[in-house]
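Visitor: I would like the atomic coordinates for the input below:
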Amino acid sequence: MQQGVSRDNWARPDNGWLVAGAVLAASLVTALPLLLLGTVSHMVLVAGALVSVAATLFSPRRALAALVVVTAVLPVALADAVRLPLGARPWELILLAALLFTAIDLILFDGMRLRRTRVDGLVLAFLGVATVGTLIGAWHGHEAFLRNARYPFYFVCFFLVLQALERRDVTRLFSPLFVIIGVVISAEYVLEFLGAIDLSTGDDFVRIGHRQGIVLPVSLLVMANWIVHDPRRWGRALLLGLFLFTGLGFALTLGRGMWVSFGLGLVVSVWLWHKGQPVAQRRAWKGIALAMGLVLTLTATVLIFQRVTGAAISAHAVERSRTFLDYSRDVQVLSRLLNYATALGEIAKQPVLGAGQGATVTSYSFNPDTDRFETWTAWTLDSLYLTLWLKLGLAGLVLFPWLCFRVVQAGVRVFHRSRDPSERAFAAAAVATLVGMALLGISDGSMVNGRFAALFAVLFGLIMLMDADDDRSRTVP
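Guide: Numbering: from 1, shown residues only. The predicted model follows:
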């Protein structure tokens, strides 16, 4: 008796005619009503268009790839301008499409066979804690509890990656995607910078500090590890060029925390490369020279760009870097510290369960537009650990860092077990990224608070997918 539907029929995900037909149908469904109805039903039509575009993918693998690209690349201004029913975001519609496609594959084609990993329980526990945090936020009557609650639940992407992808997809599709999105974001930053400064004098320096900048150190670490472990795949010259261009956009962020995070990630990458060498061939100076070479080449590129444009990038970078020696020099750092103190005061009221999703923090913060301190009420915190503690309680504060640690362990295992240079490069980059993000988490909460939670959930899933595949191959005789 047949247990499922054969993938060999016409309704397979890679049927080009089916995809073309879906594109045509989406165009007709979207374009004709717009021409006939004008803008009266604009909100509904935009939502329908996005769902239709996601449906043309007709594949959980392509839907997840689209999720990564849209989440990372979509400009903040455009994302904020899009108005969808129920306050949904474009990447959330793609996530729903990926959920649907994965469920269809799992039921019809895979016979409900689930791929399991060492951290499934931790991810489920974290989602459970997020649910409790949402209920607590609703109990306390926080107005924004639903807005906050959505972000931890993006970690359902972890399970989508496990069930929808194969090991080869990690290096053939998603590893290049992490490079591409970094290049695209850097291009956005460079173009915005050139449009904002006075090229004739270079006096009007503008810091480009959008939310997408958090992706740049991830992309740079993927490129750096490709250069080290798998330069033949794309060519060392091309990889170095992409690295320098992405690094230029990264420099324009003037993000001190991200710079330190990337530096730590680069150190971890060099350490993994060193440990991966045969004992007789290990030379510490080679790793140090490699890291210094990348950093100095990137610095030279930024200086050349500064020379051509006349923008005083280095002067502003040095000025912001002085904060490491004397934090009182930067009024924005002082604002952040005041915000942390207020958050700790709120946490002290509910140290075990937390204040729940939607909890806000009201404190003095510096407003650069008015050049003075003002009282602001914010629903976000520039700290991963304080965010977890405030909104998810002690359970969230313990569970998520432990989950990150277990994923790092898995990445190290994959790095040492695999003989594929591309897999070793991606595993090393993922480990370096998570170690760097653990440090950056002191001053940034993007891993669980914002749209980029989906990106890190996918990264977690890719590493655990390779680790689970290694475990199965070792147990099969």
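Visitor: what's the pLDDT at the closest residue to Leu74 other than its chain neighbours?
Guide: Distance criterion Cβ to Cβ, 6 or more residues apart in numbering; nearest residue to Leu74, sequence neighbours excluded, is Pro90 at 6.5 Å. (C-beta placed from N, C-alpha, C; glycine too.) For Pro90, the model assigns a pLDDT of 82.
Visitor: what's the burial count for Pro90?
Guide: By other Cβ atoms under 10 Å, 22 other residues sit near Pro90.
Visitor: remind me which residues of the stretch 251-400 of the chain are low pLDDT?
Guide: Residues of the stretch 251-400 of the chain meeting the criterion pLDDT under 70: 310, 312, 314-331, 365-371, 373.
Visitor: which residues of it fall in strands?
Guide: Per DSSP state E, counting those that start in this stretch, the stretch 251-400 of the chain carries strands over the ranges 361-367, 372-378.
Visitor: Pipe those into a markdown table and attach distance to Met292 and mean neighbour count per row.
Guide: Shown next, in a markdown table, are the strands of the stretch 251-400 of the chain (distance: least, Cβ to Cβ, whole Å; neighbours: other Cβ atoms under 10 Å):
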| stretch | distance to Met292 | mean neighbour count |
| --- | --- | --- |
| strand 361-367 | 36 | 17 |
| strand 372-378 | 39 | 12 |
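Visitor: With distance to Val295 added, can I get those strands in TSV?
Guide: What follows is these, written out as TSV (distance: least, Cβ to Cβ, whole Å):
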stretch	distance to Val295
strand 361-367	31
strand 372-378	34
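Visitor: What pLDDT does the model give Leu462?
Guide: Confidence at Leu462, expressed as pLDDT, is 97.
Visitor: If we ignore the residues flanking it in sequence, what's nearest Leu99?
Guide: Leaving aside its sequence neighbours, Leu99 sits nearest to Leu160 (Cβ to Cβ, 6+ apart; 6.7 Å).
Visitor: and whichever strand or helix holds the one you found, which residues are buried?
Guide: Assigned by DSSP states H and E, Leu160 falls within helix 157-164. For helix 157-164, a neighbour-count test (16 or more other Cβ atoms under 10 Å) marks 157-164 as buried.
Visitor: and if you look at stretch 406-417?
Guide: Of all the residues in stretch 406-417, those buried under the rule 16+ other Cβ under 10 Å are 406-408, 410-415, 417.
Visitor: Closest to Leu439 out of those?
Guide: Using Cβ to Cβ, Val408 comes nearest to Leu439 of those, at 12.6 Å.
Visitor: Enumerate every residue touching the closest one.
Guide: With contact taken as Cβ atoms under 8 Å, 6 or more residues apart in numbering, Val408 is in contact with 431, 434-435.
Visitor: do the same with Leu240
Guide: Leu240 neighbours (Cβ under 8 Å, 6+ apart): 227, 297.
Visitor: Helix or strand: which one has it?
Guide: Counting by DSSP H and E, Leu240 is part of helix 236-252.
Visitor: can I get the CA coordinates of that helix in CSV?
Guide: In CSV, the C-alpha atoms belonging to helix 236-252 read as follows (Å, rounded to 0.1, in the frame of the first residue of the first chain):
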residue,chain,number,x,y,z
ARG,A,236,41.1,34.0,-3.3
ALA,A,237,41.2,37.3,-5.2
LEU,A,238,37.4,37.4,-5.6
LEU,A,239,36.9,36.5,-1.9
LEU,A,240,39.4,39.1,-0.8
GLY,A,241,37.7,41.8,-2.9
LEU,A,242,34.2,40.9,-1.5
PHE,A,243,35.7,40.9,2.0
LEU,A,244,37.2,44.4,1.5
PHE,A,245,34.1,45.9,0.0
THR,A,246,31.9,44.5,2.8
GLY,A,247,34.5,45.6,5.4
LEU,A,248,34.2,49.1,4.0
GLY,A,249,30.5,49.2,4.8
PHE,A,250,31.3,47.7,8.1
ALA,A,251,33.7,50.5,8.9
LEU,A,252,31.1,53.1,8.0
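Visitor: mind checking how far it is from the chain centre?
Guide: With Cα atoms, centre = their mean, to the nearest Å as the basis, helix 236-252 stands 19 Å off its chain's centre.
Visitor: Name the residues of it that are buried.
Guide: When neighbours are counted by 16+ other Cβ under 10 Å, the buried residues of helix 236-252 are found to be 239-240, 242-252.
Visitor: rewinding a little: out of the contacts of Val408, which sit inside helices?
Guide: Of the contacts of Val408, the ones assigned to helices by DSSP state H are 431, 434-435.
Visitor: got these as CSV, with pLDDT, neighbour count and distance to Thr387 columns?
Guide: What follows is those, written out as CSV (pLDDT from 0 to 100; neighbours: other Cβ atoms under 10 Å; distance: Cβ to Cβ, whole Å):
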residue, pLDDT, neighbour count, distance to Thr387
Val431, 98, 26, 23
Leu434, 98, 22, 17
Val435, 98, 22, 19
